[in-house]
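Q: Next come a sequence and a model predicted from it.
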Amino acid sequence: FDGMRYQEAVDAVAAVLAEKGLGEKKITYRLRDWGISRQRYWGTPIPIIHCESCGDVPVPEADLPVILPDDCVPDGSGNPLNKHAQFLHVDCPRCGKPARRETDTMDTFIDSSWYYMRYCSPGNDAAMVDERTDYWMPMDQYIGGIEHAVLHLLYARFWTKVMRDFGLVKFDEPFANLLTQGMVLNETYYREDPAGKKTWLNPEDVELTLDERGRPVSAILKTDGQPVAIGGTEKMSKSKNNGIDPKAQIDQYGADTARLFTMFASPPEQTLEWSGSGVEGANRFLRRVWAYAVAQESRVQTGLAQPAGAAGALPVALQTLRREIHRILQQAEHDLKRIQYNTVVSACMKMLNTLEAAKPDDSAAATAVITETLSIFLRVLNPVAPHITHVLWQELGYAGVHGDILDAPWPQVDPAALEQAEIELMIQVNGKLRGSITIAKDADRASIEAAALANENVQKYLEGAPKKIIVVPGKLVNIVA
């Protein structure tokens, strides 16, 4: 079996064992029966009636569904359904003798295994689902917490196949694509009493002392100034009291800041470490967005009135600006389709840097380019920061042309804008970077070699004629001296 791949070797070993009568290939599942009952009021009733004469009897189909009573009040002493005589005591549907209804209810994983299918058949009181479910399902994109990535997905797929076998649906799998988002982490702080019991303190109530590298070295409680222990970074939870109040963040920074930080801090499928400085950084970025956009107000409103093509042939600087914005737009579109929102935010930051770095004059061409590129930027940023972009879209006058930003068409990459008449090539001498040249994109090899050898900085490292010149098209020139 040496040299075989894993699966190939497994099949070969199984075949030999079967041939010798020593065994057979068989899949052994580690799945076990899973009890669905829970001793609580709030859940789906289990439609079983317990009769001393007949045993466990299913509720007749004509009496389904079993409805929970509305006047059942939990008192903390156990399942309140056991004390609700009207619900509990029924006649056996088989023999008619007094019997008792099952008071356990189904666990929530039963409901979460098919709720998304029920959404496809709203208003139907006669069946679980109807033919509309086959139109809408399977779901194009399902997003859920990583803590549910195994069991919930298993139950949902199992339940779908059960419904398929009963003829309720025609599809085999519930989800076409699945994204399991990571958990949000935060620092933990606590005090421990003599008995070893820990009292967890919210990070907002703790003041830190940092070393020269910004790492926490000690912490005190703000209310009394006394030390608290630093417990490390853990998943946000009530038990560790390390959650962040969303309302407090929104009141201080606005919803757009909270959204932008959350999307930018990490890829969706990875854990996100909460950072107060990161939130402040997101807020500073949005302030820059506002400042830049407002500064362009008069220019944009003039540009909106210009007919298409009024700018004519563009100067090199404006061509470069359009090319860079459309290049970033192309990458942002790709990342949106991959659900990589952190790099979409990064693309927005690159766009703003590019716009701020441009120093356009007051010409009609410059006005047209700024009007176009700023509108692209606002539309790409809108899914991340909808409120500030909505207001700026209105204030700058774009709404008068395109309607509300939510109704405006998504910006399209202009292939012509991506075309580059000139390109920059790096020049290496004996493998070390020694300079660069800007040359026509369609320049032939001889022209590239001549320009590279003529570079002043390169000539310092050459002694006589080079032994060899290697041209990597579109990237670099390597001179072997």
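A: Yep, it's here.
Q: Show me what the helix or strand harbouring residue 180 is in contact with.
A: Using DSSP states H and E, the element containing residue 180 is strand 178-181. By CB atoms under 8 Å, 6 or more residues apart in numbering, the residues outside strand 178-181 that reach it are 141, 142, 143, 144, 145, 146, 148, 149, 153, 268, 269, 339. Where C-beta positions appear, they are placed from N, C-alpha and C, glycine not excepted.
Q: swap the cut-off to 6 Å and go again
A: By CB atoms under 6 Å, 6 or more residues apart in numbering, the surrounding residues in contact with strand 178-181 are 142, 143, 144, 146, 149, 268, 339.
Q: can you name the two of those that are farthest apart?
A: 149 and 339 (15.3 Å; CB to CB).
Q: Rounded mean pLDDT for the lengthiest helix in the chain, please.
A: Assignment by DSSP state H gives helix 316-337 as the longest helix of the chain. Averaging pLDDT along helix 316-337 yields 94.
Q: ok, now stretch 97-105?
A: For stretch 97-105, the mean per-residue pLDDT is 96.
Q: what distance separates that stretch from the centre of its chain?
A: Put simply, stretch 97-105 sits 46 Å off its chain's centre (CA atoms, centre = their mean, to the nearest Å).
Q: Give me the buried positions along it.
A: Residues 99, 101, 102, 103, 104, 105 are the ones in stretch 97-105 that count as buried (16 or more other CB atoms under 10 Å).
Q: again, but for stretch 404-416
A: Within stretch 404-416, the residues that count as buried by 16+ other CB under 10 Å are 405, 408, 411, 413, 414.
Q: Other residues contacting that stretch?
A: For stretch 404-416, the external contacting residues (CB under 6 Å, 6+ apart) are 326, 329, 330, 376, 379, 382, 389, 390, 393, 402.
Q: cool, stretch 67-85 as well?
A: By CB under 6 Å, 6+ apart, the residues outside stretch 67-85 that reach it are 39, 41, 87, 103.
Q: Can you get me the start-to-end distance on it?
A: By CA to CA, to the nearest Å, the extent of stretch 67-85 from end to end equals 14 Å.
Q: State the mean pLDDT of it.
A: Averaged over stretch 67-85, pLDDT sits at 88.
Q: now that stretch, how far from the centre of its chain.
A: 41 Å.
Q: Filter the contacts of strand 178-181 down to the buried ones.
A: Buried by 16+ other CB under 10 Å: 142, 144, 268, out of the contacts of strand 178-181.
Q: Quick check: phi and psi at residue 270.
A: phi -110, psi 160 (degrees, to the nearest 10).
Q: Give me the neighbour count for the closest residue to it other than its chain neighbours.
A: Distance criterion CB to CB, 6 or more residues apart in numbering; nearest residue to residue 270, sequence neighbours excluded, is residue 182 at 4.5 Å. Residues contacting residue 182 under the criterion other CB atoms under 10 Å number 17.
Q: if I look at residue 182, how far off is residue 354?
A: 30 Å (CB to CB, to the nearest Å).
Q: pLDDT below threshold where in this structure?
A: Counting by pLDDT under 70, the chain has low-confidence residues at 306-312.
Q: the domain parsing of it - what is it?
A: 1-30, 37-106, 109-181, 182-243, 276-418, 422-480 (automatic domain parsing).
Q: can you map out the helices along the stretch 151-300 of the chain?
A: Under the criterion DSSP state H, counting those that start in this stretch, the stretch 151-300 of the chain contains helices at 151-165, 246-253, 255-264, 276-295, 297-303.
Q: Could you check how far the spatially most central residue of the chain is from residue 344?
A: When CA atoms, centre = their mean is applied to the chain, the residue found nearest the centroid is residue 268 (3.5 Å). Relative to residue 344, residue 268 is positioned 11 Å away (CB to CB).
Q: what do you get for residue 39?
A: 46 Å.
Q: And residue 118, by the same measure?
A: From residue 118 to residue 344 the distance is 32 Å (CB to CB).
Q: related to what we said a few turns ago, dump the domains of the chain to CSV, plus distance to residue 250.
A: Putting the domains of the chain into CSV (distance: least, CB to CB, whole Å) gives the following:
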stretch, distance to residue 250
domain 1-30, 45
domain 37-106, 30
domain 109-181, 20
domain 182-243, 14
domain 276-418, 10
domain 422-480, 45
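Q: what's the most buried one of these?
A: Across those, averaging neighbours per residue (mean count of other CB atoms under 10 Å) puts domain 276-418 on top, at a mean of 17.
Q: you'd agree residue 451 is up against residue 435?
A: No - counting by CB atoms under 6 Å, residue 451 stays clear of residue 435, with 10.6 Å between them.
Q: For residue 438, give me phi and psi.
A: The phi/psi pair for residue 438 (degrees, to the nearest 10) reads phi -110, psi 130.
Q: Pretty sure residue 345 is one of the things residue 264 touches, is it not?
A: Yes - assessed by CB under 6 Å, residue 264 is found in contact with residue 345 at 4.0 Å.
Q: ok so, going back, could you export the strand holding residue 180 as CSV, CA atoms only?
A: In CSV, the C-alpha atoms belonging to strand 178-181 read as follows (Å, rounded to 0.1, in the frame of the first residue of the first chain):
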residue,chain,number,x,y,z
LEU,A,178,-23.4,28.8,4.5
LEU,A,179,-21.4,31.5,6.4
THR,A,180,-20.7,30.9,10.1
GLN,A,181,-19.7,34.2,11.6
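Q: Okay, now the sheet partners of that strand, with direction.
A: Next to strand 178-181 in the sheet, as set by DSSP bridges, lie strand 142-145 (parallel).
Q: Render the CA-only coordinates of the strand it pairs with in CSV, please.
A: Presented in CSV, the C-alpha positions along strand 142-145 are these (Å, rounded to 0.1, in the frame of the first residue of the first chain):
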residue,chain,number,x,y,z
TYR,A,142,-27.5,31.3,5.3
ILE,A,143,-25.6,33.2,8.0
GLY,A,144,-25.3,31.9,11.6
GLY,A,145,-23.1,32.0,14.6
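Q: what residues does it touch?
A: So strand 142-145 is in contact with 175, 178, 179, 180, going by CB under 6 Å, 6+ apart.
Q: Equivalent analysis for stretch 225-234, please.
A: 185, 187, 188, 189, 190, 191, 201, 216, 219, 220, 221, 240.
Q: what about the helices in the stretch 301-450 of the chain?
A: All helices of the stretch 301-450 of the chain, identified by DSSP H, counting those that start in this stretch, fall at 316-337, 341-357, 364-381, 386-396, 399-402, 415-418, 445-454.
Q: what's the angle from the first one to helix 341-357?
A: Interaxial angle, helix 316-337 versus helix 341-357 (axes from the mean of the first three to the mean of the last three CA atoms, to 10 degrees): 170 degrees.
Q: please renumber so the chain begins at 31
A: Yes, from this point I'll number from 31; that puts the last item at helix 346-367.
Q: Send me helix 346-367 as PDB with only the CA atoms.
A: The C-alpha coordinates for helix 346-367 follow below in PDB (Å, rounded to 0.1, in the frame of the first residue of the first chain):
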ATOM      1  CA  VAL A 346      -3.000  62.300 -17.100                       C
ATOM      2  CA  ALA A 347      -3.700  63.200 -13.400                       C
ATOM      3  CA  LEU A 348      -7.500  62.800 -13.900                       C
ATOM      4  CA  GLN A 349      -7.000  59.600 -15.900                       C
ATOM      5  CA  THR A 350      -4.900  58.300 -13.000                       C
ATOM      6  CA  LEU A 351      -7.600  59.200 -10.500                       C
ATOM      7  CA  ARG A 352     -10.400  57.500 -12.500                       C
ATOM      8  CA  ARG A 353      -8.300  54.500 -13.000                       C
ATOM      9  CA  GLU A 354      -7.500  54.100  -9.300                       C
ATOM     10  CA  ILE A 355     -11.100  54.500  -8.200                       C
ATOM     11  CA  HIS A 356     -12.400  52.100 -10.800                       C
ATOM     12  CA  ARG A 357      -9.700  49.600  -9.900                       C
ATOM     13  CA  ILE A 358     -10.700  49.700  -6.200                       C
ATOM     14  CA  LEU A 359     -14.400  49.500  -7.200                       C
ATOM     15  CA  GLN A 360     -13.600  46.300  -9.100                       C
ATOM     16  CA  GLN A 361     -11.900  44.800  -6.100                       C
ATOM     17  CA  ALA A 362     -14.700  45.900  -3.800                       C
ATOM     18  CA  GLU A 363     -17.300  44.200  -6.000                       C
ATOM     19  CA  HIS A 364     -15.300  41.000  -5.900                       C
ATOM     20  CA  ASP A 365     -15.000  41.100  -2.100                       C
ATOM     21  CA  LEU A 366     -18.700  41.800  -1.700                       C
ATOM     22  CA  LYS A 367     -19.600  38.700  -3.600                       C
END
